[in-house]
Structures are given as C-alpha cells and as structure tokens.
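Enquirer: Sequence and predicted structure are below.
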Amino acid sequence: MPAVDRGSPPPPLPVPDPARRPLRDNPRLILVWIVLLVVGLVAIVRLADRSAEFAPDFLSEVVLYALTLADLTILVALGFVLARNIIKLVVERRRGLPFARFRSKLVAVLLGMTIIPALLVLFVGSELIRNSASRWFSAPIDEVLTSASAIASDYYQERQSAARRQARALAADLGGLDLGAAGVAAVRARILRVVNERQASLVEVYRLEPPGTTPRAVPVVDVAAPTLPRVGTRAVADRLAEQAAAGQPDVRQVEPLRDGGELVRVAEVVREGGGRATGVVVVSDYLAGALARNSRRVVDAYESYQQLRVLRRPLEGVYLSFFLMVTLLILVSATWMGLYLAKRIVRPIQALAAGAREIGAGHLDHRIEPETRDEFGGLVEAFNSMAAELAASQRRLERSRVDLERTNLEVETRRQYIETILERIATGVISIASDGRVSTVNGAAQRLLGLDDTASGRDVAEVLGRADLAPLAAVVDRGMRGAGAHAGGQEVALSLDGRDVHLAVATTPLPGGDGPAGSVVVLDDVTPLIRAQKVAAWRDVARRLAHEVKNPLTPIQLCAERLRSRFAQAPEPQRQLVQECADTIVQEVESLKLLVDEFSQFARMPAPRTAPSDLNALIADALALYRGLFARVRIEPRLAPALPPVRVDPEQFRRVVINLIDNAIEAFGEGPDGPQGGLVAVATEHDVANGVVRVTVSDDGPGLAEEDQARVFMPYYSTKKRGSGLGLAIVRRIVVEHGGSIEATGNLPRGTRMIIELPA
Amino acid sequence: MPETRRDRAIPRLMACLVGVVVAAGATVAAQTIRVTPMARDGQLFVSFSLADAFNEDIQSAIQSGLPTSFTYDVELRRSVPLWVDRLVNSAQVNATVRYDNLTRRYQVTVTQDGRVAETQVTDDETEVRKAVTEFQRLPLFTTRRLEANAEYYIRVRVRTRPRNTVIAVPWDGVLGSATFTFLPR
C-alpha cells in the first residue's frame, strides 16, 4: 500500500460523477415508453390485419409509402443509435476510460443477442410472407373464376346483342310510321306486339324535334311488359336517346334497378325512307335481380382475385414493411434497452471504482449515492459503510499519531535537553550498550580522555584500549560486570599526555525490560580537588615547618656568634676554623630563615582584596623595576590597548608578574657576570568571545619538558638548582584565588610561555 | 490456392447486383415519352405520347377492373445556369381507365388539373391505349409569361397507378422533355 501523507489530504479529484438524467433514468417514464411501444405494435398489427379492406390506391400509395417512410426513419434512428454508441465506445476505449472495454464487451454481447436473432426472424418471416403470398393464387381457382366471369359476361353480351337486334328491327319497322301525335297509336301497336311476344321488356320511342343535325329527343310512347317492376326511371333512356340522336354509335348501357335487377338498354336511330333520322327507339331487356346479382358477384369475385394478383407485390410490400417495422421497433427497443442496461450495470461499477480511487487518494469522506435498491445498491451501501469505517479508523489513527508526535516531541525535547546538559557539564558521561558498544560519549568525556568523535559505535574495550586508559578500562569492565563501584565511584589516576589526571569513575547499569540494557560511566575530574588537597597539605606542612624550624634558628645563630667571639682570641688555626664554621652556620641559618619566611608566606597568604584595575598599568609598574638591571636581557611589553578593567589585588598581581619575569630570566641561566641574554615578552589580550583578559609572559630560553609543564605549579617542584619551588605555586594560588587560570606551554620557536586568563 | 465458396460467392453477388441494375434500367428504358411543344395564338400546345406503356402489368391491372391511371405532370421550365431550373408553369393531366368485366367495356376519364376534360366508353382496347397514352396539342399553358427568343423546355413525368412494386419510392415514373425557343407570332 503506498504511503499517504495524512498531514495534508490532497484536494478531491475531479471524478466523473455519473450524472442522473431525469428522462432516461426515470423508471416510470421508461414504463410509459414501453407501454406506448406495445400500443404502437398492437396498432400496427391491427392495421396489418385490416389491410385487405383498404382501397388499392390507399394501400399501394398511402399505406405502403407511409410504411416505407416509417421503416426508413426507424432504420436511420437505429443506425444513429448504434453509430453514436459504437463511436462513443470506441472513443472511450481509445481514451482508456475506466470500464470502457468491459462496457464494449457487454454492449457487443447484448447487441449480438438482439440483432442476430432479429435478423434471422426477419429473414425467415420475409420468406414466409412471400411464400404465403404465392399460395394465394392457384390455377384451379383462377380457371373457375375466369370461366364463371366469362359465362356471366357472355350472357350479358348475348342479352345486349339480342336487345340490339330487336332495337334495329324496331327502328326499321318504325321508319315508315309517323312519330308525331297522329301516329302514336300505330307505333304503340307495333311495339306492343314486340313486348307481348317477350322480345323486349321495355320499348321507348322518341321523336326528334326538329329534325336536323342537332335535334332534341321527345318521348312519344313507351310500352313495358307486365313483368317489369316499376322501379326504373326515364332519365337513362332519355340520355341514351340523346346520345343516339347525336350520332354516337353503339349506344347501350346496363342500368341497375332498385330491386337488384338490371336493364340492358340499347338505343337505335329511327330513319325514314330517305335516310333522315326521325326518332330513336330504346329497347330494354330486364334481367331479374337474382341473376344480375349473381352475375355481378361472379365478376366481382373474379375482379377481386385478379386485383389481388395485381396488387400482390404492393401487398407483399405492405406486409413486409409491417414486419420490418415491428422488427425494427423491437431492434431499436432492444438496442436501446441493451445500451441502457449496459449503462445501468457499468455505472455503479464506475462509481465504485471512482469511489475506490477517492478513498485511495485519502478522501475518506467520499460517498456514493445509491441509485437503486437492488444488489448494486447493496454493494454501494457496503462500500459506503467500508468508507465510513475507514474514515473512523483514520480519525483514530490520526489522533494516535498526534499523541505520538506530541510524545515524541516531548521525548526529543527532553533528549535534547539532556544532551545539551551532557555536552555542557564538566562531568564525562559514556553510555555503553548491552553488547559492549559505546552508544554516546559526551564532550567532557572526550576532553578528559582524549577521545575523538569516532568512539560512538565502537566496542568499549577498543575505545579504552589505549595504555594510558588501562586503569579506567579495568574499572569500567568491572563496573559493567557488576563487580566494581557503582554510584559511589572509584578514583582512577591517569597520566594523559604527561598530565596527571585524577578521575572519579562511577559505572551504573541501565535498567531494561529483561536485564540491563547497558551501562553509564560517569567521569568526574577531581584533579583540581586533589591538587587543592595537596596544596592544603603543603601549606599545613609549611606552617608547621616554619613554626618548628624558625624557633631554634635564632639560638643556633646566637650560639654560632658566641663561638666566633669566644674563639676570636684563640690561636690562629682554631680561630680560623671556628670563624669559618660560625660563618657557615650563620649563613645557613640566614638561608633557613629566608626559606622559613617563604614557607610562612605560602602558608599564610592573605585573601586578595580585589578592585577594578588597569592590568597594563600594573604590568608597566612591574616592568619598571627591571629597567637597567640586566644588560643582556630584553624585557618587551606587548600590551593591548583599550583593555577593560579587571578586578585584581594590585599588589598580588604585581607579585605574579614579577615572579613570572624572574622565573623567565632565571631560565636563561647564570653567566659569569649575571644572567645570560634573552627576550622576555609580556603581552595582554582581551578575548571578548570567552570573556577573559589574557596575560602572557614568554621567553626564548631553553623551555620546559612537556611532562614538567603541568608540574611546575606544584609546591616544591623546581627545575632549578636553588630555590624553594614555591614561586610558581604562589603564582598559581594567586591566580586561582582571582578566579582565573594559568597554564605553561611551549613557546615557538623556543622557550616557555605562561598564559594567565582572568575574568574580564 | 483452391477457390473457396466465398471466392465464388462474391462474383455471384456482384453479378446479381449488376443484373438487378440492368433489369431496372431496362424497365425504365422500355417506356419512353415523346414531347412536342408548339406555341401558337397565345397558347402553348403540348403533345406527348407514352410508348410501350401497356406492358403486362398494366394490362393485368386494367383487366382486373382496378381503376388504372396515367398521371402526366407537365412542367414548363427555363434553364438557369449553375442553379435549379426555374419553373414557369405546370399542369397535370390524368387519364384513368376502368374496365367492366361484365359488359367488357372500358371507361376512360381524362382530367386536366382536376377538371374532367373527356369521358369515353368503349370496348376497343386500341382506343383505350390511344386515349391514355397519346395527347395531341393540349393547350396547357399561355405564352403571356414567356420571354421572346428565350429557350424553355417542357418536362413530362408520367406515373402509373396502381403501383406494382414492393416498396414505395417517391421518384418512380418516366421522364421526357423537349426544348424549344419561344418565338412569338
């Protein structure tokens, strides 16, 4: 799991939240659409069922055209829906959007499950429709209908021919008669005979007035058979008479009657002997209702059959279009539903993936709104619960982390505090782990033992393996093993770089969970304490020595002088011997007195009475005492200007300077006529950084051995043949009582350098 | 490499497509319409005749008793370069024939722009053919709106009904045209 910076949660990622579309994601609206689709399909089926009732023009023009247009529209819509979604899927896949491949596969499967069966059904259904249409027609039915129609038509033709023959015969017969008012009786008699002989059902005679090119037909007489129902009208006969009078050939008509029968009417022009048209005769033959109806029914059946044959392809087109429309509607619906289902399936998964990314990015407050109450909704609820648990855990962890950070900060502060203390204190501290390796060495320990920074991590035996540290290593080893001194400490004397160092060593085991976790070695430098104890002891010795030695010196000196005065009169050899012995005794007693005085001074040195003083002036006063005393010794002041006043006892400080200069001059050695030549430099310096004033007295004499540089300040330690060995001890005591320090080092290129540091 | 069924199917499919296209072209090419315009006395007379119109489908339709119509859309147009030709005037002539199988007579009704121009009843099929396919000197347009010495053309498009196709397309029919230069007399 990658580390996440919990301290500063990143801003929320722009997650493509699957937005809800009110029109597409509304189940009620979808249900309404489905109902409308079903209603449309039912209406289409009903329309197809009643297609046989439609007029041919309406069927082949309106219905077929509308269906073709509807099919094309649905086909375009289907193509658009498919192309749009396929392009979207391709783009999503190329962009590498989440779940694009899964959605593509899902859509492909759904479309395949929809389109392939639909196309198969369409193909099979089309073949079934075509085969069914071909079975509408059969040769026997065709022959029967054609024959029946021919019989009916032939019968009508026969009746028309008969009526025509009768009309022509009557026209020829009436040509010699007067069609005017005078000849009506004769005309009636003629036609009555024809009607009575059942050669015609109705005969109507017209007279042309005036006779000429465009005459008007005027009814003259009509005779009807008694069997002819009175359901006809004269209008048809009048029109036929007009047409015949106008010269139209073959004027005839079949007039349907209200009783279901028909009149086969034929008009013929009546001409007189000269060929002039004088009238028109209309002969009608009555066809009874049943005969006419049956004949018409036969012909209608034949025509319907033939029309069905003619309209076969448009009808096939209508049925195919109906079927294609239903198939396309199902395809569109299935495609849309498939795409919709794919979205419905993928969208919660996408939301879950986006939510997981948000949670992974640290946005634990991210939640997904459940869109459904089904299993996906349950999955979303589980995700939200998981996110809530994670958020609560994260908050608990955050609180623990804050507490831990606070504790660590406190521990670190304490550690730094302790480390600072350890670094600043003069006590050396060495911590040793349980495996014997040095964990830490503070600065005081490094300075005391002369260790470098590489001591940490190394074995303690190796660190303390130097020969000069062997006594300390033995004590530490015993302490680590629990056999040595603990908190009480043990004093160890070491000789480091020629210096005698006294250390109080305490080894303390560190408590651990299951046994000691190591040890801590505490080193206290007790060298000054030892040195002070020695000085105190020497002072006590000096005081006792002065007290015990000084008292007998005076009687000894007096006795020696009495002996010398008593033997002043003695013979020369005795007198000279006594004189020499007495002089020697007196001289040595004087020396002893001087020595005792120095001892007395060392033992009874008064406490300094300090006052702010100008060190340069005090040094100049001291140097003035030497002016002109030594011809070969050059005393050179190197005083720093603007030296701050220092609290010293002027008398004691002058004595310090004089002692150091005397010491330096004596270091040059004694020549035959005084000290040998050399340079003594007295310098002052203000060390602002350390807050001290440094006084340096250096010479270019033979210098001190390195091991003597630390011992020269001990009482009764002297490198000279004569002297009490108390000069530098007194100097050191004065400096120490002024709160300062003194150190003897080598001078470059040769000689000795005494460095005094006094607090400024 | 042996020829696969797919290799054989593709040429067959291509041959079928070519056959369908050629057959459709032949059907269209079988019917032609000849147009003859003539301007005189302020009228533009248009004569047009449809050849080979009475094919088997039309004859079957007529004999079945269905009202069979020949609709002639006559348009007077003027060419416009680089644009759609301008429609100057238009007229519609419709000839409908209905056959009575009982009386074996044809009734032909000719209308011009919706008005009945002629009704004819006959039992002569030749007359019927002539009545529905040949129109002589129909005074369809006036010459008032014509520009002298300008070139026009008459385009006649004929559609027969009932339709005898599986699908309905709006662009069926036979086209004929004749160009003329209007010279006022």
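Expert: Now that the structure is in, tell me what you want to look at. Fair warning: this is a prediction, and the values are worked out from it, not measured in the lab.
Enquirer: residue nearest the centroid of chain B?
Expert: residue B:158 (2.1 Å; C-alpha atoms, centre = their mean).
Enquirer: just checking, it touches residue B:52?
Expert: No: under the contact definition of C-beta atoms under 8 Å, residue B:158 does not touch residue B:52, with a separation of 11.8 Å. The way it works is simple: take the backbone N, C-alpha and C, and place the C-beta from them, glycine included.
Enquirer: any shared contact partners between these two?
Expert: Common neighbours of residue B:158 and residue B:52, counting by C-beta atoms under 8 Å, 6 or more residues apart in numbering or on different chains, are residue B:31.
Enquirer: Any buried residues in stretch A:258-278, and which?
Expert: Residues of stretch A:258-278 classed as buried: A:260-270, A:272, A:277-278 (neighbour count, 16 or more other C-beta atoms under 10 Å in any protein chain shown).
Enquirer: what about that stretch and chain B, any contact?
Expert: No: figure legend: stretch A:258-278 not in contact with chain B (C-beta under 8 Å from any C-beta of the partner chain); closest approach 9.0 Å.
Enquirer: can I get the CA coordinates of the helix or strand containing residue A:305 in CSV?
Expert: Of the helices and strands defined by DSSP states H and E, residue A:305 is found in helix A:289-310. Extracted as CSV, the C-alpha positions of helix A:289-310 are listed here (Å, rounded to 0.1, in the frame of the first residue of the first chain):
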residue,chain,number,x,y,z
GLY,A,289,-82.5,-9.4,-59.5
ALA,A,290,-81.0,-12.7,-58.6
LEU,A,291,-79.5,-13.3,-62.0
ALA,A,292,-78.0,-9.8,-62.1
ARG,A,293,-76.7,-10.1,-58.5
ASN,A,294,-75.1,-13.4,-59.1
SER,A,295,-73.6,-12.3,-62.3
ARG,A,296,-72.2,-9.2,-60.7
ARG,A,297,-71.0,-11.3,-57.7
VAL,A,298,-69.2,-13.6,-60.0
VAL,A,299,-67.5,-10.8,-61.8
ASP,A,300,-66.7,-9.1,-58.6
ALA,A,301,-65.0,-12.2,-57.3
TYR,A,302,-63.1,-12.6,-60.5
GLU,A,303,-62.0,-8.9,-60.4
SER,A,304,-61.1,-9.2,-56.7
TYR,A,305,-59.0,-12.2,-57.4
GLN,A,306,-57.3,-10.5,-60.3
GLN,A,307,-56.8,-7.3,-58.4
LEU,A,308,-55.2,-9.3,-55.6
ARG,A,309,-52.9,-10.7,-58.2
VAL,A,310,-52.1,-7.3,-59.5
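Enquirer: Run the angle between the helix or strand following that helix and helix A:289-310 for me.
Expert: Along the chain past helix A:289-310, the next helix or strand (assigned with DSSP H and E) turns out to be helix A:312-360. Comparing the axes of helix A:312-360 and helix A:289-310 via axes from the mean of the first three to the mean of the last three C-alpha atoms, to 10 degrees yields an angle of 50 degrees.
Enquirer: what packs against helix A:312-360?
Expert: In terms of contact count using 3 or more C-beta pairs under 8 Å, 6 or more residues apart in numbering or on different chains; DSSP states H and E, helix A:312-360 is assigned the packing partners helix A:27-49, helix A:64-95, helix A:100-134, helix A:375-424.
Enquirer: circling back: checking the residue nearest to the centre of chain B next. Helix, strand or coil?
Expert: Look at residue B:158: counting by DSSP: H, G, I helix; E, B strand; the rest coil, its state is strand.
Enquirer: got the contact list for it?
Expert: The contact partners of residue B:158, taken as C-beta under 8 Å, 6+ apart, are B:31, B:33, B:50, B:53, B:70-73, B:173-174, B:176.
Enquirer: confidence score at it?
Expert: In this model, residue B:158 is scored at 92, pLDDT.
Enquirer: measure it to residue B:34 for me?
Expert: Look at residue B:158 and residue B:34: by C-beta to C-beta, to the nearest Å, they are 11 Å apart.
Enquirer: Find residues that contact each of the two.
Expert: residue B:176.
Enquirer: My read is that residue B:38 contacts residue B:44, right?
Expert: Yes: under the criterion of C-beta under 8 Å, residue B:38 is in contact with residue B:44, at a separation of 7.4 Å.
Enquirer: Can I get stretch A:143-158 in PDB? Just the C-alpha atoms.
Expert: Coordinates of the C-alpha atoms in stretch A:143-158 are reproduced here as PDB (Å, rounded to 0.1, in the frame of the first residue of the first chain):
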ATOM      1  CA  GLU A 143     -59.800 -21.100 -64.000                       C
ATOM      2  CA  VAL A 144     -63.000 -21.300 -62.200                       C
ATOM      3  CA  LEU A 145     -63.200 -17.600 -61.600                       C
ATOM      4  CA  THR A 146     -62.200 -16.800 -65.200                       C
ATOM      5  CA  SER A 147     -64.800 -19.300 -66.600                       C
ATOM      6  CA  ALA A 148     -67.500 -18.000 -64.300                       C
ATOM      7  CA  SER A 149     -66.800 -14.400 -65.200                       C
ATOM      8  CA  ALA A 150     -66.700 -15.300 -68.900                       C
ATOM      9  CA  ILE A 151     -70.100 -17.000 -68.600                       C
ATOM     10  CA  ALA A 152     -71.600 -14.000 -66.900                       C
ATOM     11  CA  SER A 153     -70.000 -11.600 -69.300                       C
ATOM     12  CA  ASP A 154     -71.100 -13.800 -72.300                       C
ATOM     13  CA  TYR A 155     -74.600 -13.900 -71.000                       C
ATOM     14  CA  TYR A 156     -74.700 -10.100 -70.700                       C
ATOM     15  CA  GLN A 157     -73.200  -9.800 -74.200                       C
ATOM     16  CA  GLU A 158     -75.800 -12.100 -75.500                       C
END
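Enquirer: can you list contacts of that stretch?
Expert: Counting by C-beta under 8 Å, 6+ apart, stretch A:143-158 makes contact with A:254, A:264, A:287, A:294-296, A:298-299, A:301-303, A:305, B:101-104, all of which sit outside it.
Enquirer: Then stretch A:94-102?
Expert: By C-beta under 8 Å, 6+ apart, the surrounding residues in contact with stretch A:94-102 are A:89, A:92-93, A:346, A:349-350, A:353-354.
Enquirer: What residues does chain B have near chain A?
Expert: Those residues of chain B that sit near chain A, judged by C-beta under 8 Å from any C-beta, are B:57, B:60-61, B:63-67, B:101-104, B:161-170.
Enquirer: tilt between the helix holding residue A:305 and helix A:100-134?
Expert: Orientation of helix A:289-310 against helix A:100-134 (the same axes, to 10 degrees) gives an angle of 140 degrees.
Enquirer: Going by neighbour count, list what's buried in helix A:289-310.
Expert: Of the residues in helix A:289-310, those buried under the neighbour-count criterion (16+ other C-beta under 10 Å) are A:289, A:291-292, A:295-296, A:298-299, A:302-303, A:305-308, A:310.
Enquirer: so what does it touch, helix or strand wise?
Expert: helix A:139-174, helix B:56-63.
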